[in-house]
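J.: sequence unknown, structure follows:
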């Protein structure tokens, strides 16, 4: 174990950076940029340190002692208000196999996005300050184990995102930013409600022998902690668990985004500046599925089993629907946005299977989608920076003009299609294997495989329209990639290929946690009474 | 034989009072208004003295009448001073035009 | 020995990949580095010859396997551990395929040195060839379905890159896209088939799956699912081997450079489908085999009828490839396993030779591909002509050439199949196709090489190709002669290929799902647990094959001769006018010329349907789904506006009204306040009077 609170550092380092930037002079844009780059680079280093010290066999999920890098102390302590009871909220961080890949992804994508932010010209100081705040919020979501803390980070990240889209965005930025903000806030309200409901339904045994209400996620997962009169307790015959589950799911589903809650995504993506699109697609969408795995699944195992078919159904709809709508797009960025909808459908499908293979595939797909889609949005950014248009029909023949760029594009596109040898294939295959293996989701899986056909169709069509054919004379002056762009593409390409060839590097991280999660969700009986009381 | 009684005094007093009020209301000149006020005061004095003579109130009425005369003198002095100030401010003493109370 | 085989195989597999990496990263700076690719391929060829030799000579009956765990998920609840293994299996089929692929790939590399010279992406071309060879070798070497699928997709990628190599042409990029997507359709089926098998057996490895099937474990405990799995995996072959109805991509794939067509779209990649069928043969049920046979036979017929009227030299060859692949598939379907693979090998050589020959012609004619503009090239390009002729004789099924051996075997197989099961339509289609093949191939030869030149200008400039191009032709033509396969030019059975190397393995499917003739008749029924050991056929089948041998041979000879004769009558001696005949049979002619209108059909239905549906969905997404979102936003805004109005006018209105009322009252009384003391006194006086009157104190 490491002797310093690494999770707090990795989370709050960007906040520190933000304050430093606020004290810096506006006239020194480069030092602001380099500071951001250094902060995100340190984050990557810290993530690697985490990985190096990571215990692959510790499961976590519902067992507090097998979480790693735990930091836990009392944060808010209110007592003496009689009608409220004791309010005890912990500052509780730790990671397991579900969050470790996400922490790696967040650090990586933030770093890449920081490089990509070099082209930002408008009020640099504000941009990078908000950027770092966003970074902190994302990281915090993935390392928090206290629901309250989780929720704070969840909301914290909304604010900078709103401004980053709303100020540095495209022509319809205000509309997109407000839509994003209100839509996600709308979802958060549900999460908040369920969170409070859980708080009042469950208690945690303190060391002094008292039972107090708790936001501790691990305590909330234990059916033994629920009292029989809690509204979200399975012991209560009039409980509201089903409704609460659906509300919670809807809250997370908006973030994924799941059909029919997905329409904020294309607008937000089209208007957001490239690095923000990268973060949005690369990390933010994962928070929805992560939330489901971290919160909905273990806290409501009974309802999860009951509703798995519907989750898979929505996964299938996401896959097919997203792909079909992507096929009809004429804007490059919008197409990629819809492809994200389609690809997140695989995550849902894999999760819904409730099999080890499927859930492993789902988490792996979350990571891979993060890297692949980040690359796709960077690709759009490169061509948009040069040509100032994203219309798919405006281009043609760029392959001859920008061969290196085309090479990276080919890798990214084929990774998105799920070509073996690249990481996307492994996760999609695992999702399909897992989902096919579960009786309930078998037929849905068969229909979902159409997604890989449609995916190939829209990706290859795009490739053809932009890169093949005779060179449009208008673009004969476009330059190929510069060094900074190499720096963005090469790490992602290496990761995509490496994980395609050697997926175990990532799968081993999550395997024991996923096993533990699947075991917990499929076997836990939520009506276990309060034992020992 | 006409016996001069209380009633006569009261009638004179009432007539004086009415004349005084009339003067106060109708005159435009502030000095004339003041003179009306004097009349009203004096009608009150007549009443005091009359009641003192015919009622059994002792000499209280006459004492008060003396007070009123003194007060009237003081009042006249102050009022004339005010009238002079008004004249200085407005260059006339026409009470119709001095309606600043309205505001 | 087996370790040597494995190590060599790994080397063979990785050498082209190394070449790819070197060329793709350094090719721009060092244009000469393409030679790396060629040299590495040469080394791989030598190694594969060593592997072939040692396998056939020293380990003829033992298979060598090696595997490692790629993905492992230990302690999965309710399942135990799941591990996904990748690995090699080298049996005789593999060793032969290794040799064939490496040889043709090497020859194509050599041929391309000259053919592609001057292309602006010259080194890139060799890199692509390298990645293709790597992927193809992966398919050949694999011992499991997943790795098969992985490399299956990778050959799809390299095929995509090479078809679209001249991407400036719209037709090329269209063809590349079409190839990939059409293949994906088949791949989806294959993938679902793999999923069925994996879900039941928790492994992708062929042999483990077969052992479990043999021991009576069926997918979801039903024969139907086993059949379904077989047919679904076969769908992969339908895509990759261009079987009806997914054959439409292969003719379009001719947009790629001609050596690529020879390597990928004639000899190796498209044969991967057949190779897959050979691999899964033992788990095919009778129903699945019948489907396969019918699809194969129908494909070969469709393609042959289309090839009759095509005028592009490469298109003719492309359809002939489809047709021959149909033969192989049909052959697997009727249980003639060994002949299917045998035909794969012989076809690979003579078809590669034909394509490279056509490449030589196209090169000489400065990228003229229409055979109506050729003619008389025999004199100008003798070497090309004779090698082309030999291959044509082979594909037409003329004795003394390799094609005759394998084709005759297949036709005998179909005949026996017809006799045993009553499905006579399959042999009828088979023989028809044999005749058609002989006809259109000779039409091609005659129009291209015989007669008088149609385009004198181009003819004058035509010349024999240089040595690096003709040498591969000669090697391939030599390999199309019978002697390499059997000492008896009319009896393939006597040859070492079929006698010693390739044996039909025992099927593992439950007995009740097999064809009658596939059931072993001897008492050793319990031998079903042994995989890949002995020939599976019953006595009746052997008898039927014997019975079919001579009729099949004579019949195929007859139809081939007839086809050749008609071709000569029409095109060499011009006794009959082909155009006139075409005019008379306009309907049929157009049907054939336009490829049965299948492309149009697909464009109008599947492609247009999908695109329209996607536009509708996009509209739905934009207007309805997003409309609901925006609508609810608008509704919220409307509500808030309404409550804003309520607030302004009702709530705040009440407050303001109070103020306003006081103001109003004040205003009205303001009139009384004149500011004149006298007025006030009047009021006072009147007030006093009124009070007096009211209260009457007196």
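T.: Received it, and whenever you're ready, just let me know what you need. Just so it is clear, the structure is predicted and the values come from calculations on it, not from any experiment.
J.: which single residue in the stretch 501-650 of chain C comes nearest to chain B?
T.: residue C:648 (33.5 Å; C-beta to the nearest C-beta). Where C-beta positions appear, they are placed from N, C-alpha and C, glycine not excepted.
J.: make that the stretch 551-698 of chain C, sorry
T.: Counting by C-beta to the nearest C-beta, the stretch 551-698 of chain C gets nearest chain B through residue C:675, at 2.9 Å.
J.: that residue sits in which helix or strand?
T.: Residue C:675 belongs to no helix or strand when assigned by DSSP states H and E.
J.: wait, it sits on residue B:95?
T.: No. Between residue C:675 and residue B:95 there is no contact under C-beta atoms under 8 Å: 10.0 Å.
J.: of these two, who's got more company?
T.: Set residue C:675 next to residue B:95 and count neighbours by other C-beta atoms under 10 Å in any protein chain shown: residue B:95 wins out with 20 against 14.
J.: what's the distance between the residue in the stretch 301-450 of chain A positioned nearest to chain B and residue A:394?
T.: The stretch 301-450 of chain A approaches chain B most closely through residue A:388 (68.3 Å), counting by C-beta to the nearest C-beta. Look at residue A:388 and residue A:394: by C-beta to C-beta, to the nearest Å, they are 10 Å apart.
J.: the two: which is more packed in?
T.: Per other C-beta under 10 Å, whichever of residue A:388 and residue A:394 has more neighbours is residue A:394, with 17 against 8.
J.: what is residue C:312 paired to in the beta sheet?
T.: residue C:370 (DSSP bridges).
J.: for the host helix or strand of residue C:435, buried residues please.
T.: Residue C:435 is part of helix C:425-449 when elements are defined by DSSP H and E. For helix C:425-449, burial by neighbour count (16 or more other C-beta atoms under 10 Å in any protein chain shown) applies to C:426-427, C:429-449.
J.: now swap in stretch A:186-200 and tell me
T.: The neighbour-count check on stretch A:186-200 (16+ other C-beta under 10 Å) flags A:187-188, A:190-192, A:194-195, A:197-199 as buried.
J.: got it, and stretch C:85-96?
T.: For stretch C:85-96, a neighbour-count test (16+ other C-beta under 10 Å) marks C:85-96 as buried.
J.: could you do stretch A:64-75 as well?
T.: By 16+ other C-beta under 10 Å, the buried positions in stretch A:64-75 come out as A:64, A:66-71.
J.: from these, which land in strands?
T.: Members of the buried residues of stretch A:64-75 lying in strands (criterion: DSSP state E): A:68-71.
J.: and these, which two are furthest apart?
T.: Using C-beta to C-beta, the pair of those lying farthest apart is A:68 and A:71, separated by 10.8 Å.
J.: for residue C:65, give me phi and psi.
T.: phi -130, psi 150 (degrees, to the nearest 10).
J.: residue C:86 is in contact with that one, correct?
T.: No. Residue C:65 is beyond contact range of residue C:86, at 11.5 Å (criterion: C-beta under 8 Å).
J.: what's the burial count for the nearest residue in space to residue A:205 that is not next to it in sequence?
T.: Leaving aside its sequence neighbours, residue A:205 sits nearest to residue A:211 (C-beta to C-beta, 6 or more residues apart in numbering or on different chains; 5.7 Å). Look at residue A:211: counted by other C-beta under 10 Å, it has 15 neighbours.
J.: contact partners for residue A:211?
T.: A:203-205 (C-beta atoms under 8 Å, 6 or more residues apart in numbering or on different chains).
J.: in the helix ranked longest in chain B, what counts as buried?
T.: If you go by DSSP state H, chain B has its longest helix at helix B:60-90. Within helix B:60-90, the residues scored as buried using 16+ other C-beta under 10 Å are B:61-62, B:64-65, B:68, B:72, B:79, B:83, B:86.
J.: what residues does whichever helix or strand comes after the helix holding residue C:435 touch?
T.: With elements assigned by DSSP H and E, the helix or strand that comes after helix C:425-449 is helix C:456-461. Contact with helix C:456-461 is made by C:364-366, C:368, C:373, C:375-377, C:380, C:453, as judged by C-beta under 8 Å, 6+ apart.
J.: can you list the residues you listed in JSON lines and add secondary structure, distance to residue C:183 and pLDDT?
T.: Formatted as JSON lines, those follow (DSSP: H, G, I helix; E, B strand; the rest coil; distance: C-beta to C-beta, whole Å; pLDDT from 0 to 100):
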{"residue": "C:364", "secondary structure": "helix", "distance to residue C:183": "32", "pLDDT": "83"}
{"residue": "C:365", "secondary structure": "coil", "distance to residue C:183": "31", "pLDDT": "81"}
{"residue": "C:366", "secondary structure": "coil", "distance to residue C:183": "32", "pLDDT": "80"}
{"residue": "C:368", "secondary structure": "coil", "distance to residue C:183": "30", "pLDDT": "81"}
{"residue": "C:373", "secondary structure": "helix", "distance to residue C:183": "32", "pLDDT": "80"}
{"residue": "C:375", "secondary structure": "coil", "distance to residue C:183": "36", "pLDDT": "77"}
{"residue": "C:376", "secondary structure": "coil", "distance to residue C:183": "39", "pLDDT": "79"}
{"residue": "C:377", "secondary structure": "helix", "distance to residue C:183": "35", "pLDDT": "81"}
{"residue": "C:380", "secondary structure": "helix", "distance to residue C:183": "38", "pLDDT": "82"}
{"residue": "C:453", "secondary structure": "coil", "distance to residue C:183": "39", "pLDDT": "80"}
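J.: from those residues, which would you call buried?
T.: For the contacts of helix C:456-461, a burial check counting by 16+ other C-beta under 10 Å picks out C:364-365, C:368, C:373, C:375-377, C:380, C:453.
J.: need those residues in CSV (columns: distance to chain B).
T.: Below are the buried ones among the contacts of helix C:456-461 laid out as CSV (distance: C-beta to the nearest C-beta, whole Å):
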residue, distance to chain B
C:364, 115
C:365, 113
C:368, 110
C:373, 112
C:375, 120
C:376, 123
C:377, 120
C:380, 122
C:453, 120
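J.: longest single helix anywhere in chain A?
T.: Using DSSP H to define each element, chain A has its longest helix at helix A:356-387.
J.: sort out which residues of that one are buried, please.
T.: A:356-384, A:386-387.
J.: for stretch A:442-450, same thing?
T.: Within stretch A:442-450, the residues scored as buried using 16+ other C-beta under 10 Å are A:442, A:444-446, A:448-450.
J.: can you pull the contacts of residue A:5?
T.: residue A:71.
J.: please report how far it lies from residue C:164.
T.: The value you get for residue A:5 to residue C:164, if C-beta to C-beta is used, is 54 Å.
J.: so where's the stretch 251-400 of chain A shaky on pLDDT?
T.: Residues of the stretch 251-400 of chain A meeting the criterion pLDDT under 70: none.
J.: next up, the contacts around whichever residue of it sits closest to chain B.
T.: Closest to chain B within the stretch 251-400 of chain A is residue A:271: 60.5 Å, counting by C-beta to the nearest C-beta. Contact analysis of residue A:271 by C-beta under 8 Å, 6+ apart lists A:165, A:169-173, A:175-177.
J.: state the distance from it to residue A:186.
T.: Computed as C-beta to C-beta, the residue A:271 to residue A:186 distance reads 19 Å.
J.: repeat that for residue A:427.
T.: Distance from residue A:427 to residue A:186, by C-beta to C-beta: 30 Å.
J.: with residue A:340 instead?
T.: 20 Å.
J.: before we move on, what about residue A:315?
T.: For residue A:315, the distance to residue A:186 - C-beta to C-beta - is 22 Å.
J.: likewise residue C:691?
T.: Applying C-beta to C-beta, the value for residue C:691 to residue A:186 is 70 Å.
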